[in-house]
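In: no FASTA, just this:
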């Protein structure tokens, strides 16, 4: 029985890593039942199986169940190993990941700070696990729009990894990528490209030129060119990434869908709406099959299809896709998540194109309220909502109101992104 339970877990891991998740849940429940009967619950095998179940629920967008599984596992490990064991630190980061996805950033930060404290006490301040914990805290700061703070922690993580693991380790490449991504958000694209190129060299040497991690960096470089308006260069990098991912992962992997989406976004910028639309349809089909029709990543593709149709002046058709995205995110993430604010913003923009200014203003204000509550009053997404309210007020001739909102938007962006950011 014990070996059968182990076998079910290994089979579930293989399917999980291969993106085939149809019967993972049943495999893990069978393993849990076998473990409980043969060796009980107070052991690492049972608790690790619970963690894997939590991770499965996370990728399937079942966040409450994910949180419950991870919390049960954490409580078990605290009892088994003590509250200051490195495994407990890992459990805390798993819970923080769920909180972060739910936009519960204060809760996520509390878990991550405790995880960092445990890792530093147990392993020392220069351990790779400490570097990893710093990266995770930095991600939460970035989600809150606190990019300079995120950059500081990513750089601390890089220093630790280079010191302990050497400059050619993949952990170093990951930190370089994280720093580059933060520079991209700050609009410092040349600086971002420098760090992405350094990460690319490390990954190619360590993993080979056809590894999915190499494809990720190449795609990220493509994004920096897109942000600068260098669309041909951007597409060149995205197509290189697509070739690697299709060969390494197969044509129906969600990473392939992501790359198709990236190419479509650039192609839309170029005005090739028909080609972009077909790429988005391919991306949508892959993600719906892999993740289900009600996953937030599916909503992201639907939004991009909506933008594509708007560019063609097809506002009624566009609205259908934005509304579908809104329904998915509201169901999956709740009514107060920043993704919902993005959807409301997109629908409001659609209304402005149709001259429905009062309806647009109502949605822009809802979007603003959600973002201020979830992200704080000084987040760039708050600035975006304020800017859109200003634009709509301008079209209505309400210039004083528009100016007030534009000035607030400017102040936020200067504070969060710096005075030289494109925003």
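Out: That came through, no problem. Quantities reported herein were computed from a predicted structural model and do not represent experimental measurements. Numbering: from 1, shown residues only.
In: Which secondary structure element of this protein has the lowest mean pLDDT?
Out: Scoring the helices and strands of the chain by mean pLDDT, DSSP states H and E places helix 2-17 at the bottom, with a mean of 57.
In: So residue 345 sits against residue 386, correct?
Out: No. Using C-beta atoms under 8 Å, residue 345 is not in contact with residue 386; the gap is 11.2 Å. The way it works is simple: take the backbone N, C-alpha and C, and place the C-beta from them, glycine included.
In: after the least confident helix or strand of the chain comes which helix or strand?
Out: Using DSSP states H and E, the next helix or strand after helix 2-17 towards the C-terminus is helix 24-38.
In: Pull the distance from the helix or strand harbouring residue 233 to the chain's centre.
Out: Using DSSP H and E, residue 233 maps to helix 231-249. Helix 231-249 has its C-alpha centroid displaced from the chain centroid by 20 Å (C-alpha atoms, centre = their mean, to the nearest Å).
In: ok, then the element right after it?
Out: Remark: after helix 231-249, the chain's next helix or strand is helix 254-269, criterion DSSP H and E.
In: buried residues in that following helix?
Out: Neighbour counts over helix 254-269 (16 or more other C-beta atoms under 10 Å) mark 254-268 as buried.
In: any idea of the angle whatever helix or strand comes next after that helix forms with helix 254-269?
Out: Reading on from helix 254-269 to the C-terminus, the next helix or strand found by DSSP H and E is helix 273-291. Interaxial angle, helix 273-291 versus helix 254-269 (axes from the mean of the first three to the mean of the last three C-alpha atoms, to 10 degrees): 160 degrees.
In: can you tell me how far residue 35 sits from residue 49?
Out: 6 Å (C-beta to C-beta, to the nearest Å).
In: wait, residue 174
Out: Separation of residue 174 from residue 49 (C-beta to C-beta): 27 Å.
In: neighbour-wise, which of the two wins?
Out: Neighbours were counted for residue 174 and for residue 49 using other C-beta atoms under 10 Å; residue 49 has more, 26 against 23.
In: Which helix or strand contains that one?
Out: Here residue 49 is assigned to helix 44-59, by DSSP H and E.
In: Now do whatever helix or strand comes next after that helix: distance to the chain's middle.
Out: The first helix or strand that comes after helix 44-59 along the chain, using DSSP H and E, is helix 63-81. Centroid separation between helix 63-81 and its chain, computed with C-alpha atoms, centre = their mean, is 23 Å.
In: by how many degrees do the helix or strand following helix 63-81 and helix 44-59 diverge?
Out: Using DSSP H and E, the helix or strand that follows helix 63-81 in sequence is helix 86-101. Here helix 86-101 runs at an angle of 10 degrees relative to helix 44-59 (the same axes, to 10 degrees).
In: for the helix or strand just after helix 86-101, packing partners?
Out: The helix or strand immediately downstream of helix 86-101 is helix 105-123, counting by DSSP H and E. Using 3 or more C-beta pairs under 8 Å, 6 or more residues apart in numbering; DSSP states H and E, the elements in contact with helix 105-123 are helix 86-101, helix 128-143.
In: what's near enough to touch residue 395?
Out: Neighbouring residues of residue 395 by C-beta atoms under 8 Å, 6 or more residues apart in numbering: 352, 357.
In: How much space separates it from residue 423?
Out: To residue 423, residue 395 is 21 Å away according to C-beta to C-beta.
In: Kindly report the same for residue 389.
Out: In terms of C-beta to C-beta, residue 389 sits 16 Å off from residue 423.
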